[in-house]
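Asker: Could you look at this predicted model? Sequence included:
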Amino acid sequence: MNRKFHRHRFPPLNALLLLALAFSVLRLEAQTRQREVITKIPELGEMVMEEIDVAKPEQLQDGYLFWHQADELATDVQNVALLIDAEGTVVHRWDTDLTGGGHTSYLLESGGLLRTGIKDRSYVKGEPVAATDIIQITDETGRAIWELSAADIAFKGNKITFHHDMCPLPNGNFLVLTYEQIAPEEAMAAGWFVGEGKPVWSDGILEIRPDLENGGHEVVWAWRFIDHLIQDRDSDAPNFGAIADHPEKIDGHFPKSYAPMKAVRQHLNAIDYNAELDQIVISSFIYNEIWVIDHSTTLSEAAGSSGGQHGKGGDLLFRYGNPAAYGKGTEADQIFRNQHDANWIDDGLPGAGNILVFNNNTGTSSVARVGTGGAAAAVAQEQLKGISNVHEISPTVENGRYLKGKTGTFEAEQFWFWEHDDFFAPFQGGARRQPNGNTLLTDTVGKRVWEVNPSGDIVIRYQGPTPSFKSFKFPAAQVSNLLDR
């Protein structure tokens with residue numbers, strides 16, 4: 001029998017009062033209500049789920065839901081993470097001294113978190129969406145035991161901010177996505193024609209080794225978009241070539257609608273690591289692709305096109321989702337639209353080694369309607385319509401190399417596909433495989449998480465208290481040290 005738990009945030013308003021309210025007042029109330037909700041920090045023991053609808057209790061993956069408040073448009077969101085039980089009650093909370101949205105946090109073996117957020121809003125002012133200035137490793141209460149400010153990173157002499165996603169590594173280091181502010185002259189020197197006078201941003205990845213004892217850090221590895229460009233605009237400029245002949249390179253002028261000034265040419269929004277392959281998968285919102293790059297390189301090799309595991313250096317080993325981005329297709333061949341959360345399925349889970357991609361399937365016109373951020377944009381995104389989907393793919397590999405088909409496009413076998421008429425996540429969101437074969441799906445904008453079985457049937461729906469970028473489920477044994485705190 002289905003179980004439903006309800007919690008109403010506000011009592012019903014009197015019908016006469018509703019009739020008296022003007023449209024402008026209603027809109028202001030909606031924006032204010034969202035701001036109040038996303039900045040609220042729930043108490044331990046508080047039931048925060050507005051609704052839990054269990055459709056197939058016998059197929060439910062047991063565990064505790066990990067919910068990190070995040071929204072890349074409503075950037076005043078409190079940076080708090082919650083552990084929630086089957087009844088929707090907060091059983092553990094990691095407190096915060098950070099704000100900032102558009103990101104998630106990761107539970108560490110210690111019971112603490114790896115998280116990013118904002119302390120100095122003046123440092124991130126004018127930066128692209130979801131930029132943050134602080135990374136923390138916390139204890140099990142949320143207190144920072146190690147902290148890194150982006151302002152303290154000395155890398156290429158350019159301003160760095162963090163954004164969107166991170167990935168803890170088995171050796172205790174972590175990967176983090178970055179924006180690197182690039183002067184127009186530096187961009188032009190790489191064959192990236194961005195105009196004059198104003199900076200642009202090159203997305204990248206830093207691998208950071210934290211010194212927990214002394215509070216320091218070391219940048220041990222890096223990858224930069226600007227190091228792997230190709231252009232077909234000027235034969236006398238650097239990195240000139242036929243884009244269709246070089247799928248390992250990135251066309252810095254794709255798509256044309258984003259050029260030329262203040263471009264965020266990649267908008268990377270997810271990162272994951274495969275220890276067995278020593279490779280990284282990243283998701284590019286603007287290119288509508290996922291990219292795989294080699295992590296076995298040195299710092300210098302990652303900046304070039306030689307060396308590394310397959311002689312590719314930091315160039316792309318595999319790309320998938322939009323072959324038009326490398327001159328091998330049209331809009332009809334596009335699979336992903338503004339996808340988020342590309343991740344390898346972990347060892348020991350059904351589908352291990354395959355890649356899950358949460359495809360928002362959000363059109364360009366919808367992105368334009370929402371704009372760049374703020375309370376109005378946060379409300380506007382809730383009005384968008386569509387159907388999102390999830391792809392589980394296995395790239396075609398032979399002798400360790402990713403293969404291309406006769407048309408010159410990279411190949412992958414699709415093992416699983418899911419979509420539902422009532423599930424649309426216009427921005428952010430994620431998909432994570434569970435031990436019993438179910439998949440946990442997060443709709444950030446809708447503040448909800450669905451768990452579906454391998455047949456695609458809905459097992460449970462959670463209607464949550466706030467936006468969450470990517471939610472996870474942890475078995476009781478993994479979080480037992482947190483349940484009595």
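Answerer: Nice, I can see it.
Asker: Can you pull out the low-pLDDT segments for the stretch 151-300 of the chain?
Answerer: Along the stretch 151-300 of the chain, segments meeting pLDDT under 70 span 257-265.
Asker: try 50
Answerer: Of all residues in the stretch 151-300 of the chain, those with pLDDT under 50 make up the ranges 259-262.
Asker: hey, where'd the strands end up in it?
Answerer: Secondary structure of the stretch 151-300 of the chain (DSSP state E, counting those that start in this stretch): strands at 160-168, 174-182, 200-210, 217-224, 229-230, 250-251, 268-274, 279-284, 289-294.
Asker: number of nearby residues for residue 483?
Answerer: 12 (other C-beta atoms under 10 Å). All C-beta spots, glycine's among them, are computed from the backbone N, C-alpha and C.
Asker: that older thread, take the strands of the stretch 151-300 of the chain and lay them out in JSON lines including mean neighbour count.
Answerer: Listed next are the strands of the stretch 151-300 of the chain as JSON lines, based on neighbours: other C-beta atoms under 10 Å:
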{"stretch": "strand 160-168", "mean neighbour count": "25"}
{"stretch": "strand 174-182", "mean neighbour count": "24"}
{"stretch": "strand 200-210", "mean neighbour count": "23"}
{"stretch": "strand 217-224", "mean neighbour count": "18"}
{"stretch": "strand 229-230", "mean neighbour count": "22"}
{"stretch": "strand 250-251", "mean neighbour count": "26"}
{"stretch": "strand 268-274", "mean neighbour count": "22"}
{"stretch": "strand 279-284", "mean neighbour count": "24"}
{"stretch": "strand 289-294", "mean neighbour count": "24"}
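Asker: Next, format the ones you listed as a markdown table and append distance to residue 402.
Answerer: Shown next, in a markdown table, are these (distance: least, C-beta to C-beta, whole Å):
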| stretch | distance to residue 402 |
| --- | --- |
| strand 160-168 | 20 |
| strand 174-182 | 20 |
| strand 200-210 | 19 |
| strand 217-224 | 17 |
| strand 229-230 | 18 |
| strand 250-251 | 16 |
| strand 268-274 | 13 |
| strand 279-284 | 10 |
| strand 289-294 | 7 |
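Asker: Compare these and give me the one nearest residue 120.
Answerer: Closest approach to residue 120 among those is made by strand 160-168 (10.6 Å; C-beta to C-beta).
Asker: So for residue 323, which of the strands of the stretch 151-300 of the chain sits nearest?
Answerer: Among those, strand 289-294 sits nearest to residue 323 (C-beta to C-beta), with 8.7 Å.
Asker: chain center to stretch 136-151: distance?
Answerer: 20 Å (C-alpha atoms, centre = their mean, to the nearest Å).
Asker: repeat for stretch 43-62
Answerer: Computed by C-alpha atoms, centre = their mean, the chain-centroid distance of stretch 43-62 equals 24 Å.
Asker: Give me the mean pLDDT for it.
Answerer: Mean pLDDT, stretch 43-62: 94.
Asker: now do stretch 115-130
Answerer: The average pLDDT within stretch 115-130 is 90.
Asker: Same question for stretch 450-467.
Answerer: 94.
Asker: Among the strands of the stretch 151-300 of the chain, single out whichever gets nearest to residue 344.
Answerer: That would be strand 268-274 among these, by C-beta to C-beta, at 4.8 Å.
Asker: same for that closest one, what does it pack against?
Answerer: Judged by 3 or more C-beta pairs under 8 Å, 6 or more residues apart in numbering; DSSP states H and E, strand 268-274 is in contact with strand 160-168, strand 174-182, strand 200-210, strand 279-284, strand 340-344.
Asker: by how many degrees do it and strand 200-210 diverge?
Answerer: Orientation of strand 268-274 against strand 200-210 (axes from the mean of the first three to the mean of the last three C-alpha atoms, to 10 degrees) gives an angle of 40 degrees.
Asker: Could you pull up phi and psi at residue 148?
Answerer: phi -130, psi 130 (degrees, to the nearest 10).
Asker: Is it bridged to anything, and to what?
Answerer: On the basis of DSSP bridges, residue 148 is bridged to residue 135.
Asker: quick one, helices of this protein?
Answerer: Ranges of helices within the chain are 15-20, 23-39, 121-124, 184-189, 299-302, 364-370, 375-380, 476-479, based on DSSP state H.
Asker: And these, which one averages the lowest pLDDT?
Answerer: Among the helices of the chain, helix 15-20 carries the lowest mean pLDDT (a mean of 36).
Asker: Please work out how many residues are found near residue 126.
Answerer: Around residue 126 there are 10 residues (other C-beta under 10 Å).
Asker: what's the answer for residue 267, then?
Answerer: By other C-beta under 10 Å, the residues close to residue 267 number 22.
Asker: Which residue comes closest to it once chain neighbours are left out?
Answerer: What sits nearest to residue 267 in space, not counting adjacent residues and going by C-beta to C-beta, 6 or more residues apart in numbering, is residue 285, at 3.9 Å.
Asker: Could you report the distance from the nearest residue to residue 92 once chain neighbours are set aside to residue 107?
Answerer: Spatial nearest neighbour of residue 92, excluding adjacent residues (C-beta to C-beta, 6+ apart): residue 83 at 3.9 Å. Plainly put, residue 83 is 9 Å away from residue 107 if you go by C-beta to C-beta, to the nearest Å.
Asker: Just to check, residue 476 is in contact with residue 85?
Answerer: No: in this structure residue 476 lies outside contact range of residue 85 using C-beta atoms under 8 Å: 9.5 Å.
Asker: Between the two, tell me which one has more neighbours.
Answerer: Remark: of residue 476 and residue 85, residue 85 carries more neighbours, 16 against 11, as counted by other C-beta under 10 Å.
Asker: so who does the more buried one touch?
Answerer: With contact taken as C-beta atoms under 8 Å, 6 or more residues apart in numbering, residue 85 is in contact with 64, 65, 91.
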